[in-house]
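>>> no sequence for this one, just the structure:
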């Protein structure tokens, strides 16, 4: 006796169709899963057996072989529990096989038969839609997330509910989200930043043009505070699939509309930053896709992790290649970094004396390569604020800055804004005097275009190029 269920496994962020074939043979009872299943998938044998018994269904007393096809594709995770159980029940004629073939099944089974949610249900639902399958059987808690794919969701809380539905006996009860969930936290407001007009302007330019930003200066001047407020002036967007695969979605708020913001600790490994591990899984750079990746105290990060960001900063993708396969992750993020100008933090502060030796300064400088620093469009020194600035009222709020950013982005997207001849002459002289690399010249041109868009100008004038040149690496950082 043979039956088949359809599900999907995830390779990176992409769903791949998997046919779960269950074969029952008259022999000494046994249960085997084949098809390159990982440890979690192999352990489904115990969960499925216990779940079927808890649902008061008959466990077939046959030799059971479950094949996950295609066999060369590695199967990872517990989302195969539900399709394995349903294919075995269909092979033992406890539910109609043709009815099961109309659905994609995806979910983990508890020992008492409950169906638990699994990461990546949105990508699975999108794969089903692309294949022309109209319905997905999944855990009730995953209903809102799967429905984002525009598919009919059959929410089941227990294996018994799924079997009764497939038999046509009754439909599962509709899923109702629990009350009392915590509201989404509001974005941090720029009004909390006192003074720091030049860094605030750089933050607005970074938001409008999608530029990478480095904030350097003595400790306690507000560098981290500024970086954490960038998402509050970015426009809304949608990056739900990435967060679904990473298991970061809330059942009450399945649609990600705010710009992602990731701030990993400086002890994070290279795999944690760019992705990898078994699977492989997306890293912080991918979770920050179309949002902000903040590296607070950037020189404290491992140099290999920092250097691994150079390629995605240029290409916007991360290609993870392993012996068992490869995965392509999107990673078009804005990099915002903060750093002191020396190990002791006194450099650049007129009220403090730097106690670092030449050797310590050289070792500090070696933590950051020139190639990485050249990938920052905006480099700003953040000075210590004056007493009168700290005693002043609140600054301009994010609610006032965000509309200007949105208008600037629209003007940049519309095209135009060519450099005038005087602006070209100024940029050509800067290439020789600053000096600028070819990449640096292109970044200055992009920042100047953003400045023109925010100013409402018809073309890029010399003053816009001059402002962009002012945000290249300062002398304090170059000599640090």
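Structure received. This one's a predicted model, so the numbers in the text were calculated from it and none came from an experiment. Numbering: from 1, shown residues only.
>>> C-alpha from now on. contacts and neighbour counts both.
Will do.
>>> With adjacent residues omitted, what lies nearest to residue 228?
residue 188 (7.1 Å; CA to CA, 6 or more residues apart in numbering).
>>> Pretty sure the one you found sits in a strand.
No. Residue 188 sits outside any strand when classified using DSSP: H, G, I helix; E, B strand; the rest coil, being coil.
>>> isn't it right next to residue 232, touching?
Yes. The pair residue 188 and residue 232 qualifies as a contact (CA atoms under 8 Å) at a distance of 6.1 Å.
>>> neighbour-wise, which of the two wins?
residue 232 (22 against 17; other CA atoms under 10 Å).
>>> next helix or strand past whichever strand or helix holds residue 272?
Following DSSP states H and E, one finds residue 272 within helix 270-274. Per DSSP H and E, the first helix or strand lying C-terminal to helix 270-274 is helix 284-287.
>>> name the helices or strands packed onto that next one?
Packing contacts for helix 284-287, counted by 3 or more CA pairs under 8 Å, 6 or more residues apart in numbering; DSSP states H and E, involve helix 240-245, helix 270-274.
>>> now the shortest one: how far from the chain's centre is it?
Using CA atoms, centre = their mean, to the nearest Å, the distance from the centre of helix 270-274 to the centre of the chain it belongs to is 12 Å.
>>> Spatially nearest residue to residue 61 (excluding sequence neighbours)?
Nearest non-adjacent residue to residue 61 (CA to CA, 6+ apart): residue 29, at 5.5 Å.
>>> shouldn't that neighbour be in contact with residue 65?
No. In this structure, residue 29 is not within contact of residue 65 by CA under 8 Å, at 10.4 Å.
>>> More neighbours: which of these two?
The neighbour count for residue 29 versus residue 65, taken as other CA under 10 Å, is higher for residue 65 (18 against 12).
>>> which residues does the more buried one contact?
22-24, 31-34 (CA atoms under 8 Å, 6 or more residues apart in numbering).
>>> Let's verify it: helix, strand, or coil?
From three-state DSSP, the assignment for residue 65 is strand.
>>> now swap in residue 18 and tell me
Under three-state DSSP, residue 18 comes out as strand.
>>> Count the residues that sit near it.
22.
>>> repeat for the one 5 residues further on
Neighbour count for residue 23, taken as other CA under 10 Å: 18.
>>> Tell me which strands whichever strand or helix holds it pairs with, and in which orientation.
Secondary structure assignment for residue 23, by DSSP H and E: strand 14-25. Strand 14-25 has its sheet partners listed here by DSSP bridges as strand 2-11 (antiparallel), strand 63-69 (antiparallel).
>>> Of those, which stretch is the most buried?
strand 2-11 (a mean of 24; mean count of other CA atoms under 10 Å).
>>> how much distance is there from that strand to the middle of the chain?
On CA atoms, centre = their mean, the centre of strand 2-11 falls 26 Å from the chain's centre.
>>> which residues touch that strand?
By CA under 8 Å, 6+ apart, strand 2-11 touches 15-24, 75-76, 80, 83-84, 86-88, 90-91, 97, 100-101, 103-106, 120, 123-124, 127, 279-280, 327.
>>> quick one: the helices in the stretch 51-200 of the chain?
81-91, 97-100, 121-130, 143-147, 159-167, 197-209 (DSSP state H, counting those that start in this stretch).
>>> Compare those and say which comes out lowest on pLDDT.
Lowest mean pLDDT within the helices of the stretch 51-200 of the chain: helix 143-147, a mean of 86.
>>> Centre of the chain to that helix, how far?
That offset, for helix 143-147, works out to 19 Å (CA atoms, centre = their mean).
>>> Can you tell me which helices and strands the helix holding residue 272 packs against?
Under the contact rule (3+ CA pairs under 8 Å, 6+ apart), helix 270-274 is packed against helix 284-287, helix 303-307.
>>> Make TSV from those and add mean neighbour count, mean pLDDT and distance to residue 408 to it.
Formatted as TSV, those follow (neighbours: other CA atoms under 10 Å; pLDDT from 0 to 100; distance: least, CA to CA, whole Å):
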stretch	mean neighbour count	mean pLDDT	distance to residue 408
helix 284-287	28	90	25
helix 303-307	16	93	30
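>>> how about those in CSV, adding distance to residue 158?
Formatted as CSV, these follow (distance: least, CA to CA, whole Å):
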stretch, distance to residue 158
helix 284-287, 32
helix 303-307, 44
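>>> Out of those helices, which is closest to residue 156?
helix 284-287 (29.2 Å; CA to CA).
>>> quick one: contacts of the closest one?
Against helix 284-287 from outside (CA under 8 Å, 6+ apart): 242-243, 260, 262, 264, 272-275, 293, 318, 329-333.
>>> Next: stretch 193-200.
215, 222, 225-226, 380-383, 385, 389-390, 392-395.
>>> that older thread, weakest of the helices and strands packed on helix 284-287 in terms of mean pLDDT?
helix 240-245 - the lowest mean pLDDT of the helices and strands packed on helix 284-287, at a mean of 63.
>>> Output the contacting helices and strands for the helix or strand following it.
Next along the chain after helix 240-245, taking DSSP H and E as the criterion, comes strand 261-262. Helices and strands touching strand 261-262, by 3+ CA pairs under 8 Å, 6+ apart, are strand 292-295.
>>> average pLDDT across the strand it packs on?
94.
>>> Against residue 450, how distant is the most centrally placed residue in the chain?
The centroid of the chain falls nearest to residue 287 when counting by CA atoms, centre = their mean (1.3 Å). Residue 287 is 26 Å from residue 450, where distance means CA to CA, to the nearest Å.
>>> Repeat that for residue 340.
27 Å.
>>> So which of these two has more stuff around it?
residue 450 (29 against 25).
>>> Helix or strand: which one has the more buried one?
Counting by DSSP H and E, residue 450 is part of helix 438-455.
>>> That helix versus helix 197-209: what angle between them?
90 degrees (axes from the mean of the first three to the mean of the last three CA atoms, to 10 degrees).
>>> got the buried residues for the next helix or strand along the chain from helix 438-455?
Counting by DSSP H and E, the element after helix 438-455 in chain order, helix or strand, is helix 462-469. Within helix 462-469, the residues scored as buried using 16 or more other CA atoms under 10 Å are 462, 464-466, 468-469.
>>> Residues touching helix 462-469, excluding its own?
378, 420, 422-424, 426-427, 430, 444-445, 447-449, 451-452.
>>> Repeat the analysis, applying 7 Å as the threshold.
Here helix 462-469 makes contact (CA atoms under 7 Å, 6 or more residues apart in numbering) with 422-423, 426-427, 444, 447-448, 451-452.
>>> what do you get for stretch 30-43?
62-69, 71-78, 80.
>>> Quick one: closest of the helices and strands packed on helix 270-274 to residue 51.
It's helix 284-287; of the helices and strands packed on helix 270-274, that one is closest to residue 51 (CA to CA) at 34.3 Å.
>>> where in the stretch 351-480 of the chain is pLDDT low?
473-480 (pLDDT under 70).
>>> rerun at 80
386-395, 434-435, 473-480 (pLDDT under 80).
>>> Sort out which of the contacts of helix 462-469 are buried, if you could.
Counted by 16+ other CA under 10 Å, these give 423, 426-427, 444, 447-448, 451-452 as buried.
>>> which one of the residues you listed sits closest to residue 209?
The closest of the buried ones among the contacts of helix 462-469, once distances to residue 209 are taken by CA to CA, is residue 447, at 7.1 Å.
>>> Is the residue lying closest to residue 346 once chain neighbours are set aside part of a helix or strand, or is it coil?
Closest residue to residue 346 apart from its sequence neighbours, by CA to CA, 6+ apart: residue 354 at 4.4 Å. Of the three states, residue 354 takes coil under three-state DSSP.
>>> Fine, thanks again, bye for now.
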